[in-house]
Structure formats: structure tokens, C-alpha cells
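K.L.:
Build me a model from this:
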Amino acid sequence: MSFKIEVTDKSTKARAGVLKTDHGEIQTPIFMPVGTVGSVKAVEQRELKNDVKAQIILGNTYHLYLRPGMEIMQKAGGLHKFINWDKPILTDSGGYQVYSLSKRRKITEEGVMFYSHIDGSKHHFTPESIMDIERKIGADIMMAFDECPPYPSDYNYAKNSMELTHRWLKRCITRFDSTEDLYGHKQILAPIVQGSTFKDLRQASAEFVAEQERDLNAIGGLSVGEPHEMMYEMTDLVCNILPQDKPRYLMGVGTPINILESIALGVDMFDCVMPTRNARHGLLYTWNGIINIKNSKWKEDFDMIDKNLDCYTSNVHSKAYLHHLFRTKELLGLQIASIHNLTFYLDLVKNARKHIIEGDFSVWKEKMVKVLGERR
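P.N.:
This is a model prediction of the structure:
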């Protein structure tokens, strides 16, 4: 795996680069659709490639471990073959799911004991077992096991959590470096910066992560309820410390505006369930702002969903038709809206890359930030 920065914006810290993996190249900045259980909700893999134009997708270790399980995963030859996806895959380690299962888990130095949200069965994750599971899944990029502290956290909790994450990271590295790729393609391990919203903790964590000299670094524990300004402040601080020649992944972020602002701070990779989750509720992101397609104002609007978006689905269906599908609870409505939103997110980062290369990213970003948050 290699990463090359092609252009750096002169007015911001935005970068345009190319990340090469055994499953293909990724042009950065990039957004990764979330396929938690081996499926991007309501979107088939052919549509992900041809319409959405996804270059990499994300799977989740916690969910894939529970279903279909690692025996099936290995028999299939890994997640790529199981879901028939020949482009790169990144797997979250399950740390965020541990965070979200606060009433169903216990964190210790050894790892995390938790009860399945499916059937209540008891399980135990350790840094070592997570590395073994992610090896079996076969993701190109494997995230280290971490604890994601809640917001707000008091200083002592955040400090202890960060130090635990660091100790777990060293164990992840030891296990990863002592095991082999299972399916004939190269895998890398990516550490995660934690520290909640405390500057000194974020600085210490970023320095610790940078010292590990891995191929990709991530920023976790943000977009969990803190104000956006605080998220940007922490992101900026961390990006100033992490190696300039390695890709930076801001986990779980976010709105189109969040993504543009974070690109300006030097972030290269993003993921979020927002485009698909909001699509299923009728909220559409367009180049002219945000649409709630359920509103009656769209009932007789026969214009295409977004004529400014290079998306087959968005260019052949009208807002009136999509409004009708949601009102009648037709599943096709969820599919069209999901494809549209994901295509918009991929088009957003594609255009950000274009303007970084052309040298006018800062001006373009400021213009877009004023438009993309407007409710139509």
C-alpha cells in the first residue's frame, strides 16, 4: 500500500492524493459508504460501482463477527468474495459499537465483555482477537481496537480511556505484525487517535499514534455530540501532528459541510451512515441544499431530483415520483433516495479534489458551505 499527495491547496491544508491498495486505487479526499453487515443498506453492489462510483466501502467487525460469523467468512474466502466486491474495504474494529452498547458491556484491561444485541449471548473482544477477526474478514485496511469515550467525558475518564486505547494499540500491533494476510492481498493496520475534546490529550494521543509509523492514521471519538466548532478544533490540532505523508481518516463524519471543513484541515478519508440513514427518512442532499421529499411541496414538482448531479437515478426520476414512493411506503423510494445521497457525497469529494487541483478550493468551499446547509 502506498500514498502519494499530488497537490496541496495553497490557502488551506486540503490535499489531493492517491492511495494504492491491492484492490485498486483510491483518489483522495474520499467518502466511504458504510456497509455495516456486508451491505450498504438499500444499494446493490452494481449500483455502488456504476452509479454511486464508490471507490472503497466500510464493513464493521462487531456485526460481521456476530453475523454471518467467521466460519462462513473464511469459507467464502473473505468479505470481498462473500459480497462480490473487488474494490478496497476498510473494517472498523468494533470500538464504536462497544461505546454504543454501554449498558451491555464491561471494559477491562484485557478487553471488552459484551452481550450480543441479537440474542443476548456473551462474547469477549481483546486487541488480539480483533486482529484475528479482521484478518479473517480480509479488509484492506484494518482499524485498531480502541475505546471511544462518550461526550461529554470528564478529564480523568478521557485520559484513562486514551491510555487504555494506547496500550491496546501496542497489543494490536504485536498481533498484527506476527500474523499473515489470509487471502493473498496486503492488509494494513491503522491506529486511532483519541482524547475526547481535551487539547493536551489529543496532542499526546496524536504524538503516540505518529510514533507507531503505520501506513494510515485515524481520528476517532469525534462527531459524538460535541459542537462542530470543537470537532474542527480537535481535528486541526491532530492533523498538525500526524505525519504529512500518510492518509488521515476522520471516523464517522459527517454532514456535507463537516466534510468540506475537515478537508480544509487536512483530512483525506471519511465515512458516515448519514447519507443512507437520512435517505430512508426522505432527507436528500443536493447541490442546491437539503430536501425533505416527504413534504407536500414536492407533490407536483416534475423536475428531476438533482439535475446538477451526475447520477442516472437522480436524472431520470422526478421529485414528484419520489415523493409518491415515500407516501405509499414503496421500497423503491428508499433505494432511489439512498443511491442519490451516496452519489452526492461521492460527487462532493470528487469536486473538492477537482478544486484542490485547480487551486481554487478555498473560494469554492466557502461558496458551497453557504448553500449545502440550506433547507429547501
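K.L.:
C-alpha only now, for contacts and for neighbours.
P.N.:
Fine.
K.L.:
looking only at pLDDT, what's the mean for stretch 286-306?
P.N.:
What stretch 286-306 shows for mean pLDDT is 97.
K.L.:
whoops, stretch 112-130 was the one
P.N.:
Here the average pLDDT along stretch 112-130 is 93.
K.L.:
So which residues make contact with that stretch?
P.N.:
With Cα atoms under 8 Å, 6 or more residues apart in numbering as the contact definition, stretch 112-130 has outside contacts at 61, 66, 93, 98, 101, 104-107, 110-111, 144-145, 168-169, 171-172, 175.
K.L.:
out of those, which are buried?
P.N.:
Buried subset of those (neighbour count, 16 or more other Cα atoms under 10 Å): 61, 66, 93, 98, 105, 107, 111, 144-145, 168-169, 171-172, 175.
K.L.:
of the residues you listed, closest to Lys4?
P.N.:
Relative to Lys4, the closest of the buried ones among the contacts of stretch 112-130 is Ala144; by Cα to Cα it sits at 23.0 Å.
K.L.:
Leaving out chain neighbours, which residue sits closest to the closest one?
P.N.:
Pro191 (5.2 Å; Cα to Cα, 6 or more residues apart in numbering).
K.L.:
same question, His63
P.N.:
In space, His63 is closest to Val37, 5.8 Å off (Cα to Cα, 6+ apart).
K.L.:
Count residues in the vicinity of that neighbour, would you?
P.N.:
19 (other Cα atoms under 10 Å).
K.L.:
list the contacts for it?
P.N.:
Val37 neighbours (Cα under 8 Å, 6+ apart): 59-60, 63-64, 67.
K.L.:
Of these, which belong to helices?
P.N.:
Counted as lying in helices by DSSP state H, out of those, are 63-64.
K.L.:
which one in the buried ones among the contacts of stretch 112-130 is the model shakiest on?
P.N.:
Val98 (70).
K.L.:
wait, doesn't that one sit right on Asp146?
P.N.:
No - counting by Cα atoms under 8 Å, Val98 does not reach Asp146; the two are 9.1 Å apart.
K.L.:
Are any of the contacts of Val37 buried, and if so which?
P.N.:
Buried residues within the contacts of Val37, counting neighbours by 16+ other Cα under 10 Å: 59-60, 63-64.
K.L.:
any chance of those residues in JSON lines, with distance to Glu300 and pLDDT too?
P.N.:
JSON lines is the format used below for these (distance: Cα to Cα, whole Å; pLDDT from 0 to 100):
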{"residue": "Gly59", "distance to Glu300": "39", "pLDDT": "97"}
{"residue": "Asn60", "distance to Glu300": "40", "pLDDT": "94"}
{"residue": "His63", "distance to Glu300": "41", "pLDDT": "94"}
{"residue": "Leu64", "distance to Glu300": "43", "pLDDT": "97"}
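K.L.:
Which of these lies at the shortest distance from Arg202?
P.N.:
Closest to Arg202, out of all of the buried ones among the contacts of Val37 and judged by Cα to Cα, is Asn60, at 24.8 Å.
K.L.:
Run a quick neighbour tally on the residue nearest to Thr12 when sequence neighbours are not counted.
P.N.:
Leaving aside its chain neighbours, Thr12 sits nearest to Ala264 (5.4 Å; criterion: Cα to Cα, 6+ apart). Per other Cα under 10 Å, the neighbour tally for Ala264 reads 22.
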